[in-house]
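# Dropping a prediction and its sequence here:
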Amino acid sequence: MDIVNTPQHTSGELVLRPGDPGYEDELAGFQTGFARRPDVVFAAASADDVVAGVRYAARRGLPVAVQATGHGLPGPSTGGVLITTRRMDGLSVDPAARTARLQAGVRWGQVVAAAAPHGLAPLNGSAPSVGAVGYVLGGGLGILARRFGYAADHVRALDVVTADGLLRHVTRESEPGLYWALLGGGGGLGVVTGLETGLVPVATLYGGSVSFDGRRVGAMSALRAWEEWTRTVPDGLTSSFAAVPYPDLPVLPEALRGRYVVSVRVAYTGADGDRAVAPLRRIGPALADSLREMPYAESHTIHSDPDVPHAYYGDSAVLRELDPAGAGALLARTGPDAGGAPCVVQINHLGGALAAPAPNSVPHREGRFLVRVLTSGDRGAARERLDAALAPLAPVTIGRCVSFAFGTGDRTDGLHDAETRKRLAVIRSQYDPANLFRGSL
C-alpha cells in the first residue's frame, strides 16, 4: 500500500456555505438542469484541500460528492459536502515515456493541446471541455476507441483520497483491488485528485462527419447502410451514427432549421480514408461532408459537440446486436413525429480493442453497439421518453453505460454485471465502510 502522507491542515481551501458570496457560482457547471444544494462546498486547489474536505465530512458523518466540470451529473442532490476540483488544473506531458500526468480539474482539450506538439494523443472523448478524470473513471469511450480501447485501459496510476482521509498513490501493483474498482466503477470510492495515463502515437487522423436529410434518404435506411458498413471496417476505424430532429428556430443555421438530420461520424488511423468511407457517401445526397485528413488537435470538429451549458437528461443501452425492428422503433419514438421534447440519438460502433480484457471494472466489453439518447424538459417526462425510446431494444440489451446516465443516477440496474457489482461492493466495504462517498459528480 503506497500512501502519500499529507498534513493535518490545508493549504488554504475555499469553504462556502449557502448564502456565502460565490456559493452559487461554485455550483455552476455544464449541466444546468439539476438543483444541487450542498451544506458545504470545499473549492479545492490542491490534494491537501481535498483531504481537508473528506476529513471534515467524515468527522460529521456527512456524505461527499465531487464535481469538476459538471458534465456528467447523475441527478439533483441536497445536503452533505461537495468538493469541487476545477481549480486543480496541473498538467505535464512526458514525450519520451508517452505519458501525461493530470490533476482532477483538467479538461481533455488541455491534454490534446499539450500532447499534440509531440505527435501524441490521449484517449479523449468528443468534447474538449469534458473533465478528463471523471471521464476516465467511467471507462472513457473515446473517438479512437476501437483502435486503442477504453481510456481507463491506459491509466498507469491514480492519486485518490479515500474515506479515511489518506491520499493514496494507487497502481495495479500497489493496490490492485482499488485500482480495478476506480477504473470503470463510476466513482464513489474516493476523490481522485490526479492520474497518470498513457498517450498514443497519433499526430493525424482521417475524420469528420457526413450528414443527410433523414426524411429524404430515410433515417432507417441510412442506419441500415451504416450498420452493414461497420461489419466491413478495420479495428482502426471508430464511428457513430446520429439522428437529430432540429426545431425550426431562427437561432439555428438555415440549413438545419426544421430538418431531421442523420449523420455518421468517423475517426480513422488508416491511410486509405477516402476509400474506407466511400460506402457512406453513397447513402444519398449529403447536407454536409467534412471527412478529411486532419491534425489530431482538430479532432473535436468530428462531433462539434455544443460547448454552451444547458439542461439535458440521458440514458443508454449496450447491445449484443443492432436489431432492425428495435432500431426502427427507437427512431420512430425519437424522430420528428414523436412529439414532446426533441431526442438526440447516437449509436456507437463497439468491438475491436474495446472487447479486449483489461485489469479494470469497465463492463459490457462484449457489446457490439452502444445506443445513447439525450432529451430535455421536465425530469419526469424526460425519464418517460428515455424509457420508451430504449424499451424496444430490451431483447438485445446487455446493460447500460456507466458514464451516460444523466438525471437517472438513482437507477443503477444494468450499469455492471452481477459479478462486477459483487466485487465492487466488497472493495467499497474495505475502503468506504460508512458509505461516505455517494458517487462522483
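Arrived safely. Residues are numbered from 1 along each chain as shown.

# could you measure the nearest residue to Gly340 once chain neighbours are set aside against Ala391, distance?
What sits nearest to Gly340 in space, not counting adjacent residues and going by CB to CB, 6 or more residues apart in numbering, is Arg385, at 5.8 Å. Where C-beta positions appear, they are placed from N, C-alpha and C, glycine not excepted. Counting by CB to CB, to the nearest Å, the gap from Arg385 to Ala391 is 11 Å.

# what about Ala338, how many neighbours?
Using other CB atoms under 10 Å, Ala338 has 16 other residues around it.

# And Arg372, by the same measure?
22.

# For it, list the residues it contacts.
By CB atoms under 8 Å, 6 or more residues apart in numbering, the residues touching Arg372 are 314-316, 345-348, 401, 404.

# Pick out whichever of Arg385 and Ala391 has more residues nearby.
A direct count of neighbours by other CB under 10 Å for Arg385 and Ala391 places Arg385 higher, at 25 against 14.

# In the host helix or strand of the more buried one, which of the residues would be classed as buried?
Assessed by DSSP states H and E, Arg385 sits inside helix 379-390. By neighbour count on 16 or more other CB atoms under 10 Å, the buried set for helix 379-390 is 379, 382-383, 385-386, 388-390.

# What are the boundaries of the helices in the stretch 251-400 of the chain?
Applying DSSP state H, counting those that start in this stretch to the stretch 251-400 of the chain gives helices spanning 273-281, 324-334, 379-390.

# Pull out the buried residues from stretch 20-35.
Applying 16+ other CB under 10 Å to stretch 20-35 flags 23, 26-27, 29-31, 33-34 as buried.

# cool, and stretch 273-283?
273, 276-277, 280, 283.

# Stretch 423-434 too?
Applying 16+ other CB under 10 Å to stretch 423-434 flags 423-424, 427-428, 431-432 as buried.

# Low-confidence bits of this protein, can you list those?
Scanning the chain with the threshold set as pLDDT under 70 gives 1-13, 409-410, 439-441.

# can we see that at 50?
Where the chain drops to pLDDT under 50, the residues are 1-11, 440-441.

# Backbone dihedrals for Arg224, please?
With angles defined as degrees, to the nearest 10, Arg224 sits at phi -60, psi -40.

# hmm, I was thinking of Ala255
phi -70, psi -20.

# burial of it, as a residue count?
If you count neighbours by other CB under 10 Å, Ala255 ends up with 12.

# give the contact list for the closest residue in space to it that isn't next to it in sequence.
Counting by CB to CB, 6+ apart, Ala255 lies nearest to Leu287, which is 6.4 Å off, once chain neighbours are set aside. Applying CB under 8 Å, 6+ apart, we find Leu287 in contact with 211-213, 255, 259, 261.

# Where does Ala100 fall, secondary structure wise?
Secondary structure (DSSP H and E) places Ala100 in strand 99-103.

# in the stretch 1-150 of the chain, which spans are helices?
Counting by DSSP H, counting those that start in this stretch, the helices of the stretch 1-150 of the chain are 23-27, 47-60, 108-115, 132-137, 145-148.

# Adding distance to Leu415, write those out as JSON lines.
Output for the helices of the stretch 1-150 of the chain, formatted as JSON lines (distance: least, CB to CB, whole Å):
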{"stretch": "helix 23-27", "distance to Leu415": "25"}
{"stretch": "helix 47-60", "distance to Leu415": "24"}
{"stretch": "helix 108-115", "distance to Leu415": "23"}
{"stretch": "helix 132-137", "distance to Leu415": "13"}
{"stretch": "helix 145-148", "distance to Leu415": "18"}
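
# which of those sits most buried?
When the helices of the stretch 1-150 of the chain are scored by mean count of other CB atoms under 10 Å, the highest mean neighbour count falls to helix 132-137 (a mean of 28).

# elements contacting that one?
Under the contact criterion of 3 or more CB pairs under 8 Å, 6 or more residues apart in numbering; DSSP states H and E, helix 132-137 touches strand 99-103, helix 108-115, strand 191-198.

# closest to Gly414 out of the ones you listed?
strand 191-198 (24.1 Å; CB to CB).

# Please put the alpha-carbon coordinates of that closest one into CSV.
This file holds the C-alpha atoms of strand 191-198, laid out as CSV (Å, rounded to 0.1, in the frame of the first residue of the first chain):
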residue,chain,number,x,y,z
VAL,A,191,-11.8,11.6,-4.6
VAL,A,192,-9.3,11.2,-7.4
THR,A,193,-7.0,14.2,-7.3
GLY,A,194,-4.9,13.2,-10.3
LEU,A,195,-3.8,10.4,-12.5
GLU,A,196,-1.1,9.3,-14.9
THR,A,197,-2.2,7.9,-18.3
GLY,A,198,-0.5,6.6,-21.4
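
# quick one: strands adjacent to the following helix or strand past it?
Going down the chain from strand 191-198, the next helix or strand is strand 204-213, by DSSP H and E. Its sheet considered, strand 204-213 pairs with strand 260-268 (antiparallel), strand 286-289 (antiparallel), strand 292-295 (antiparallel) by DSSP bridges.

# Tell me the helix or strand right after strand 204-213.
Downstream of strand 204-213, the next assigned helix or strand under DSSP H and E is helix 214-217.
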